[in-house]
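Participant: Structure for this input, please:
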Amino acid sequence: MYRKNHAFTLIELLVVIAIIAILAALIFPAAARVRSQSKTVKCLNNLRQIGQATILYAGEHDHTLPVTSHQRRQGGQSWTLTLQSYAGGTITFRCPADENGERSYTYVINDFLTPNPAGATDLDYSKLNRLESRTATFLFAEASDTYANSDHFHFAEYRGRTIPPEFFTGQIAVKRHDGAANYVFTDGHIETLRWETVQTRLKTPGDRFVDPTAEEKTNAL
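Facilitator: The predicted structure is shown next:
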């Protein structure tokens, strides 16, 4: 028996197209969220490895943290060179969500934890045993897209004063991971902190998030 082929009507085609559009609207954002979360996890793992390598380094150097390029004249080497051997050469210094492809590393050290930082040359919190609270002060964070050519941040000049939000965001990518950023602290633990949380900590007198001295904060000039 001969059966006549059935062709889709215009209405049927429009219905199919509408269903595909709805499915795409549901699937694509979900896939984007999964990719974003995957990058966040990879970044956290990178920082965890850097933190662990730093603790091992300090253990072999009388509690002293690795230095920056500023110590080259004293025979020192930047942490970007010295930490690899404490992780079997497997450290990844770039966050997969970092869109600045011209730099070798995303992660940058807090200059408050370096010897005699610019703006506060009388300070030296480069030894872990000098820190009153190792869980409070961040050691490494993610550099903003525009902050490059430096292996350390420049916050020490605001010692005892509130760091202006625009100065902080000019150096740290505070919203790279869905409105938050990853930080590793001087005890090696890592946290993902939203920018709103960080702003509160920056304004809180005595908070050691950036400044380990916890001096009384006043309004920045």
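Participant: Mind telling me what element the most centrally placed residue in the chain is part of?
Facilitator: Geometric centre of the chain, nearest residue: residue 142, 2.8 Å, by CA atoms, centre = their mean. Element membership of residue 142 [criterion: DSSP states H and E] is strand 138-142.
Participant: Let me see the ranges of the strands in this protein.
Facilitator: Taking DSSP state E as the criterion, the chain contains strands spanning 107-109, 138-142, 180-185, 190-194.
Participant: of all the ones you listed, which lies closest to residue 60?
Facilitator: Ranking those by proximity to residue 60 (CB to CB) places strand 138-142 first, at 17.0 Å. Yep, even glycine has a C-beta here, placed from its N, CA and C like the rest.
Participant: If you count contacts, what does that closest one end up packed against?
Facilitator: Helices and strands touching strand 138-142, by 3 or more CB pairs under 8 Å, 6 or more residues apart in numbering; DSSP states H and E, are helix 10-60, strand 107-109, strand 180-185.
Participant: I'd like to know how far the nearest residue to residue 198 once chain neighbours are set aside sits from residue 137.
Facilitator: Leaving aside its chain neighbours, residue 198 sits nearest to residue 174 (6.2 Å; criterion: CB to CB, 6 or more residues apart in numbering). Distance, residue 174 to residue 137, by CB to CB, to the nearest Å: 17 Å.
Participant: Including mean pLDDT and distance to residue 48, could the strands of the chain go into TSV?
Facilitator: Listed next are the strands of the chain as TSV, based on pLDDT from 0 to 100; distance: least, CB to CB, whole Å:
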stretch	mean pLDDT	distance to residue 48
strand 107-109	97	11
strand 138-142	97	11
strand 180-185	97	7
strand 190-194	96	5
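Participant: mind giving me a markdown table with those and columns for distance to residue 12?
Facilitator: As requested, the strands of the chain are exported to a markdown table (distance: least, CB to CB, whole Å):
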| stretch | distance to residue 12 |
| --- | --- |
| strand 107-109 | 55 |
| strand 138-142 | 51 |
| strand 180-185 | 46 |
| strand 190-194 | 47 |
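Participant: Those strands: which one's closest to residue 52?
Facilitator: The nearest among these, by CB to CB, is strand 180-185 at 9.2 Å.
Participant: Tell me which of the helices and strands packed on strand 138-142 sits most buried.
Facilitator: Stretch with highest mean neighbour count among the helices and strands packed on strand 138-142: strand 107-109 (a mean of 25; mean count of other CB atoms under 10 Å).
Participant: contacting residues around that one?
Facilitator: 46-47, 50, 65-66, 68, 79, 93, 95, 139-143, 147, 150-153, 171 (CB atoms under 8 Å, 6 or more residues apart in numbering).
Participant: Swap in 6 Å and give it another go.
Facilitator: 79, 93, 140, 143, 152-153 (CB atoms under 6 Å, 6 or more residues apart in numbering).
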